[in-house]
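Provide a 3D model corresponding to the input given below.
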Amino acid sequence: MEGDLGSARDGAGGDALSDAGGEDAGARDAERSDVEPGDAIPLDAEATDAGPEDAGQEDVGLGDAALADALAFDAAPADAGPTLTPPGGPCEPAAGVDTCAPPATCVAPDPKNPAAGRCFIACDFLSEPICPLGTGCNDRGGSSGAACVQSLPLGAICDDAPYQPTTDCGPPTNCLRASLTATAARCTAPRYTETLLAAPTFIDACALGAVVPGLTDLDDGHVTVPLTLPFSFQLFGTAYTELWPTTNGYATLGVAPSDATFGLPSAGDGPAIAPFWTDLVMDGPGARICYWTMGARFVVEWEHVYRAHHSAVDLSFELVLDGNSHTIDFLYRTLTPTVGVDSIYATGLDSHIGVQEAAGASYSIHDGRVRAGEGLRFAP
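Sure thing, here's the model as predicted:
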């Protein structure tokens, strides 16, 4: 059911995002220093905020070409006319001159500052790419006000507001604060590496294994008792032996979940693994969660679930934990429909896919679509 809290990026949970205004964002904005998003931090000055996970990650940068794309909306030279504001940046709609970098236009009001406007490009979830080069979408499919905002390179100061931030960290980096006392967030390399599995073998846990013994609810619920893993599984360096699958396409390790309708990073959840985290319902024909052990692999399958308020959507997918390598695979068997308005709810653009440390202290998230017959692997 939509409206649950539990995501640091999704301050209002589920489709309630569009009605949430900017309350959570405002609270976070008040904590920031006067450093502006987009300002790069010199690499030799980052040590004061850097956590241990930052060490040895200098080879994770976006590269020269991607960096050039990320900075494509930099201000124009002084002799080239007025300074152009990148997508997501502030503008003055009453000024009579649109200073937004094309194709963005100045739109008012800005939810975070009703007296001003914001350079706006709507995310087009039914096309590919969703946003112009050098920008990324700051919200999920179906959300009112989702906009393409400037993508920033590794190390840049970024906006970590939980609701429709004004900047985007170029994939695969994430906008994180190095500590609770850090004055600004910055684009940080993830601790898990993501790779595409082009043609993986889907393991039918519902045919081979067992259905979970019970759920607290078919909408925003979880297993009544945790599943015991056949091995000790490590996530972000901590070992766990219990898994709590939820109806909303994710599972937590070691602690019961919040049943949030949307997450990653979710401040209200413990360590989480999310093959398709969104507002899902399991009261349709054949809907169930199953599990199966195959050697050193443990499989949890969600079969024939649908997106809340969109019963024509049919989803079957699974997570696979490897007890030897501690990798996590997400495999997708059925994601329909593939065309039409409801298709955004079957592509992953309406969900969060990835892994997180407890309370979202660190996370790795997939950017873009997923497709039936393919998979993703997250490796530490």
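
Let me know the secondary structure of F378.
Put simply, F378 is strand when judged by DSSP: H, G, I helix; E, B strand; the rest coil.

my guess is it meets T193, correct?
Yes. F378 is within contact range of T193, at 7.3 Å (criterion: C-beta atoms under 8 Å). For the C-beta atoms, the positions are set from N, CA and C on the backbone; glycine is no exception.

more neighbours, these two?
The residue with more neighbours, out of F378 and T193, is F378; 24 against 14, by other C-beta atoms under 10 Å.

in the sheet, who's paired with the more buried one?
Beta-bridge pairing for F378 (DSSP bridges): E194, I328.

go on, L215?
L215 has these beta-bridge partners by DSSP bridges: V223.

about what we covered before: any shared contact partners between F378 and T193?
Shared contacts of F378 and T193 (C-beta atoms under 8 Å, 6 or more residues apart in numbering): S364.

so D124 sits right up against I130, yeah?
Yes. Counting by C-beta under 8 Å, I130 is a contact partner of D124 at 5.8 Å.

So which of the two has more stuff around it?
I130 (21 against 14).

residue contacts, that one?
Contacts of I130 (C-beta under 8 Å, 6+ apart): C123, D124, C137, C148, L349, G368.

Just the ones of those in helices?
Secondary-structure check on those using DSSP state H: no residue lies within helices.

Tell me, how many residues neighbour F276?
Residues lying near F276 (other C-beta under 10 Å) number 26.

Check H310 too.
By other C-beta under 10 Å, 17 other residues sit near H310.

likewise D269?
So D269, with other C-beta under 10 Å, has 28 neighbours.

And E374, by the same measure?
Using other C-beta under 10 Å, E374 is surrounded by 16 other residues.

So it is in contact with R333, correct?
No. Using C-beta under 8 Å, E374 makes no contact with R333, being 10.1 Å away.

Pop out the phi and psi values for Y345.
Torsion angles at Y345 (phi, psi; degrees, to the nearest 10) stand at phi -80, psi -10.

which residues sit in contact with it?
Residues near Y345 by C-beta under 8 Å, 6+ apart: G141, G142, T278, R307, H310, V313.

what would those residues look like in CSV with pLDDT, distance to P102 and secondary structure?
Below are these laid out as CSV (pLDDT from 0 to 100; distance: C-beta to C-beta, whole Å; DSSP: H, G, I helix; E, B strand; the rest coil):
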residue, pLDDT, distance to P102, secondary structure
G141, 89, 24, coil
G142, 84, 26, coil
T278, 95, 33, coil
R307, 96, 34, strand
H310, 96, 34, strand
V313, 97, 35, strand
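
JSON lines please, covering the residues you listed and showing distance to L319.
Formatted as JSON lines, the contacts of Y345 follow (distance: C-beta to C-beta, whole Å):
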{"residue": "G141", "distance to L319": "22"}
{"residue": "G142", "distance to L319": "24"}
{"residue": "T278", "distance to L319": "15"}
{"residue": "R307", "distance to L319": "19"}
{"residue": "H310", "distance to L319": "23"}
{"residue": "V313", "distance to L319": "19"}
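
what about the closest residue to S151 other than its chain neighbours, distance to V149?
Nearest residue to S151, sequence neighbours excluded (C-beta to C-beta, 6 or more residues apart in numbering): G170, at 4.2 Å. Applying C-beta to C-beta, to the nearest Å, the value for G170 to V149 is 11 Å.

Touching both of these two, which residues are there?
Here G170 and V149 have G136 as joint contacts, going by C-beta under 8 Å, 6+ apart.

With neighbour numbers in mind, choose between the two.
V149 (30 against 23).

Give me the pLDDT for the more buried one.
Looking at V149, its pLDDT reads 95.

wait, isn't it in contact with C169?
No. The criterion here is C-beta under 8 Å, and V149 misses it with C169 at 10.3 Å.

Quick check: neighbours shared by the two?
Joint contacts of V149 and C169 (C-beta under 8 Å, 6+ apart) are G136.
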